[in-house]
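Asks: Give me a model of this one.
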Amino acid sequence: MPDYSAEQVFAPLMGEPAWHVSIGHGSFITLEFGHPHIRRTEPTARVPRRIVRVGGDWHLWVYCCDWQILDVDRVIATSDGSKEEMNAGANLLDGQVLVKATESGLGTVFEFDLGGKILTSPYRDEADDQWMLYHGEQVYVCDATAQIDLRDANSI
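Replies: Residues are numbered from 1 along each chain as shown. Down below sits the predicted model:
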C-alpha cells in the first residue's frame, strides 16, 4: 500500500476554512472542511439509537496523539491542558483557512491563514494513530511513525 505525504493528502483542502472545530472525548479535536452534509447513522446492536450530525465533505479527526494549538507562535492549548484551554484553541481555529500541512519529525504541522497552527506528535511509547481525514468512503490515516495511508472508511 503506498504512503502519502501530508502535502498530497491535504492539497484539496488548501484554501478551505475549518468549521465546527470542536473538542470531543478526552482531547480529540475534530475539524470540518468543505460543504456541509447531514450524516445519519442507523441504530445497531452496539449503538441502539439513530445519530444525525452535520459534517463537511472532509472531516479531520486529531485522534490519539499529543498536540498543541498555537496562535502565531504562542501556545494556546495542549492535549493535556484543561477543557477550557482546549475549547479556546478550537475556537481560535474555527473559521481559519488551511494554508499548509507538512510533516515535522514524527508529527504533522497544520497551518492556517490567521496564524493558527496545530502541531501533532505521537504519544510516548504508544503506537496509536495520530489523525484521520475522512472523505466519503475513504480515510487517510497518519500513524505514530507519521506514515500516511489510505483505507476504506468502513474498515475503521
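Asks: contacts, neighbours, all on C-alpha from now
Replies: Will do.
Asks: ranges for the strands of this protein?
Replies: 19-23, 29-33, 37-41, 51-55, 58-62, 65-71, 74-78, 98-104, 107-112, 116-122, 131-135, 138-142, 148-152 (DSSP state E).
Asks: Helix or strand with the lowest mean pLDDT in the chain?
Replies: strand 37-41 (a mean of 90; mean pLDDT, DSSP states H and E).
Asks: So what are the sheet partners of that strand and their directions?
Replies: Using DSSP bridges, strand 37-41 pairs in its sheet with strand 51-55 (antiparallel).
Asks: of all the strands of the chain, which lies closest to Ala6?
Replies: Among the strands of the chain, strand 98-104 comes nearest to Ala6, with 5.3 Å by CA to CA.
Asks: and the closest one, what other elements does it pack with?
Replies: Helices and strands touching strand 98-104, by 3 or more CA pairs under 8 Å, 6 or more residues apart in numbering; DSSP states H and E, are helix 6-10, strand 107-112.
Asks: Can you dump the C-alpha atoms of that strand in PDB for me?
Replies: Output of strand 98-104 as PDB, limited to C-alpha atoms (Å, rounded to 0.1, in the frame of the first residue of the first chain):
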ATOM      1  CA  LEU A  98      -6.000  25.900   5.900                       C
ATOM      2  CA  VAL A  99      -2.900  27.100   4.000                       C
ATOM      3  CA  LYS A 100      -0.300  24.300   4.700                       C
ATOM      4  CA  ALA A 101       0.100  20.800   6.000                       C
ATOM      5  CA  THR A 102       3.500  19.300   6.400                       C
ATOM      6  CA  GLU A 103       5.400  16.500   8.200                       C
ATOM      7  CA  SER A 104       7.600  17.500  11.100                       C
END
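Asks: Give me the residues contacting stretch 68-86.
Replies: By CA atoms under 8 Å, 6 or more residues apart in numbering, the surrounding residues in contact with stretch 68-86 are 23, 27, 65-67, 88-89, 92, 114-120.
Asks: Are any of the residues you listed buried, and if so which?
Replies: Neighbour counting by 16 or more other CA atoms under 10 Å classes 23, 27, 65-67, 88-89, 92, 116-120 among the contacts of stretch 68-86 as buried.
Asks: Among those, which one lies nearest to Ser5?
Replies: Ranked by distance to Ser5 (CA to CA), the buried ones among the contacts of stretch 68-86 are led by Thr120 at 14.8 Å.
Asks: In this structure that closest one contacts Glu111, no?
Replies: No: checked against CA atoms under 8 Å, the pair Thr120 and Glu111 is beyond contact range at 11.7 Å.
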